[in-house]
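Chemist: Give me coordinates for this.
(one chain, ligands or ions: 1)
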Amino acid sequence: MSSDNAIRATRAVPGRAPQQATPGRVCEAIDCETVLSRYNKRTFCHSHWPIVIPIQRGVEKKVAA
Ligand SMILES: [Zn+2]
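Modeler: As a prediction, this is how the structure comes out:
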């Protein structure tokens with residue numbers, strides 16, 4: 001098969017690199033030495049990030065009968 005028939009893709013958003021934080025950051029939780037990903041903008045790792053329960057709008061509350 002020749003390379004002329006190769007399928008080539010284009011970037012969805014051309015010219016835009018993913019945002020990256022400073023590499024080598026460590027989780028801020030006590031006694032946690034997890035190195036955060038450069039793509040993780042948060043200051044805690046996944047295990048120590050506080051749970052955030054989103055507010056659901058338009059959901060009817062169940063009324064106890
Ligand atoms: Zn952590």
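Chemist: Show me which residues of this structure are close to the ion?
Modeler: For the chain, the residues in contact with the ion (CB under 5 Å from the ion) are Cys27, Ala29, Cys32, Thr34, Cys45, His48. No exception for glycine: its C-beta is placed from N, CA and C like everyone else's.
Chemist: ok, and the closest non-adjacent residue to the most centrally placed residue in the chain?
Modeler: The structure's the chain has its C-alpha centroid closest to Asn40; by CA atoms, centre = their mean the separation is 6.2 Å. Spatially, and ignoring its direct neighbours in sequence, Asn40 is nearest to Ala21 (6.8 Å; CB to CB, 6 or more residues apart in numbering).
Chemist: contacting residues around the one you found?
Modeler: Residues near Ala21 by CB atoms under 8 Å, 6 or more residues apart in numbering: Leu36, Arg38, Tyr39, Asn40, Lys41.
Chemist: let's go with 7 Å and repeat that
Modeler: For Ala21, the contacting residues are Arg38, Asn40, Lys41, by CB atoms under 7 Å, 6 or more residues apart in numbering.
Chemist: Check Gly24 too.
Modeler: If you count contacts by CB under 7 Å, 6+ apart, then Gly24 has Val35 around it.
Chemist: does it sit in a helix, a strand or a coil?
Modeler: Using DSSP: H, G, I helix; E, B strand; the rest coil, the structure places Gly24 in coil.
Chemist: Give me the average confidence score over stretch 21-39.
Modeler: When pLDDT is averaged over stretch 21-39, the result is 93.
Chemist: Appreciated, that's everything.
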